[in-house]
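1. Provided below are the primary sequence and the corresponding predicted coordinates.
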Amino acid sequence: MLISKMANTYFALIFISTFFLVSSCSDDNSSDNLVNHQYLLIPDNHFEQILIDQGVDTDGTVNGQMLREDAEKISRLDLNLDSHFGDIEDLTGIEGFTNITFLSAVGQKLEDIDLSSNTKLDTLHLQNNYLTTIDLSKNTNLILIEVLVNELHTITGLEHVSQLKKLNVSYNYIEDFSIINESIEHLLISDNLLTFFDSTGAPHLKSVLLTTNQLSSVDLSSNPSLETLVISDNNLVNIDLSANMGLTYFYASSNMLTSLDVSRNKELIDLRVDRNPDLNCIKIQNGQEIPSVSLSEYQELNEFCE
């Protein structure tokens, strides 16, 4: 009889323990679902404080979360309106802002960012952070991308950004850069570590800034719309501009050019090729006038160059 009672007690304890375990798991799942469906996690206190200051996070309390519906009401998110520069380290929660078209998080401490859920973005300002890579393959509506002054080695997904007009990735650590994008018109990629640059997949480029890199050659034959080319402070030995007949501004100072022919570039209004020690003669066409020219004392414009 005693053994029977002990057995019944044992099984009762097992049942109660199991009940509470299941109930606990169920509560945990409910909590997780609540976070996923009703709330967004905002683990960065500075990020949440800015959202509170701007009236985005309507509960007004720094508690690591906000209502998802609050985020979904926002179309423009500027995290630099208040004096919080250099505060944000983590933008977890940004995935809930699915309707924003504008995002600015300039001068923060971001090392990575996931914008795959922010598919309506057309303007992105992330300059002066610590990003090492960024994937924009889901942000197909972007028109303007500013990610200068970071620690970028790669930027991916640009071939999917079908409305892109301007990209600024200056002051980063990119060594090889190729772009396939038919919509881009303005590309700024100065002050990197470029040894290779390929723009054959960007036929509508109008301006390219490549100052202060390590380029020894570039092929711009696939960029007939080019109007401005700034490629000073590189290692260029030669450059062919015969396909860029609409070129108006050409800066190639401080290179290693040995020859240069601009005789087909009749639209040139500003030419700067000083400080190329082995470039003595720049070939022009008879009667060609270039309003502004910057040359070293040993250089000349001439229709006859040996």
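-> Structure's in. What do you need?
2. how about the strands of the stretch 151-300 of the chain, start to end?
-> 154-156, 166-168, 176-180, 186-188, 196-201, 207-209, 228-230, 249-251, 260-261, 270-272, 281-283, 292-294, 300-302 (DSSP state E, counting those that start in this stretch).
3. With only the CA atoms kept, save the third one in PDB.
-> Once side chains and other backbone atoms are set aside, the C-alpha atoms of strand 176-180 remain, and they are given as PDB (Å, rounded to 0.1, in the frame of the first residue of the first chain):
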ATOM      1  CA  ASP A 176      39.400  46.400 -56.300                       C
ATOM      2  CA  PHE A 177      36.200  48.000 -57.600                       C
ATOM      3  CA  SER A 178      34.000  46.800 -60.400                       C
ATOM      4  CA  ILE A 179      30.500  48.100 -61.000                       C
ATOM      5  CA  ILE A 180      27.700  46.800 -63.200                       C
END
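4. packing partners for that strand?
-> Packing partners of strand 176-180 (3 or more Cβ pairs under 8 Å, 6 or more residues apart in numbering; DSSP states H and E): strand 196-201. For the C-beta atoms, the positions are set from N, CA and C on the backbone; glycine is no exception.
5. the inter-axis angle of the strand it packs on versus strand 176-180?
-> With axes from the mean of the first three to the mean of the last three Cα atoms, to 10 degrees defining the directions, strand 196-201 sits at 0 degrees from strand 176-180.
6. got any ranges where the protein has weak pLDDT?
-> Applying pLDDT under 70 to the chain flags residues 1-36.
7. do that again at 90, thanks
-> Scanning the chain for pLDDT under 90 picks out the ranges 1-37, 81-86, 306.
8. quick one: the helices in it?
-> Using DSSP state H, the helices found in the chain span residues 2-37, 45-53, 68-72.
9. could the strands of the stretch 151-300 of the chain go into JSON lines alongside mean neighbour count and distance to residue 97?
-> Below are these laid out as JSON lines (neighbours: other Cβ atoms under 10 Å; distance: least, Cβ to Cβ, whole Å):
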{"stretch": "strand 154-156", "mean neighbour count": "15", "distance to residue 97": "21"}
{"stretch": "strand 166-168", "mean neighbour count": "21", "distance to residue 97": "22"}
{"stretch": "strand 176-180", "mean neighbour count": "16", "distance to residue 97": "28"}
{"stretch": "strand 186-188", "mean neighbour count": "20", "distance to residue 97": "27"}
{"stretch": "strand 196-201", "mean neighbour count": "17", "distance to residue 97": "31"}
{"stretch": "strand 207-209", "mean neighbour count": "19", "distance to residue 97": "31"}
{"stretch": "strand 228-230", "mean neighbour count": "19", "distance to residue 97": "35"}
{"stretch": "strand 249-251", "mean neighbour count": "21", "distance to residue 97": "39"}
{"stretch": "strand 260-261", "mean neighbour count": "21", "distance to residue 97": "50"}
{"stretch": "strand 270-272", "mean neighbour count": "19", "distance to residue 97": "43"}
{"stretch": "strand 281-283", "mean neighbour count": "19", "distance to residue 97": "52"}
{"stretch": "strand 292-294", "mean neighbour count": "13", "distance to residue 97": "46"}
{"stretch": "strand 300-302", "mean neighbour count": "14", "distance to residue 97": "55"}
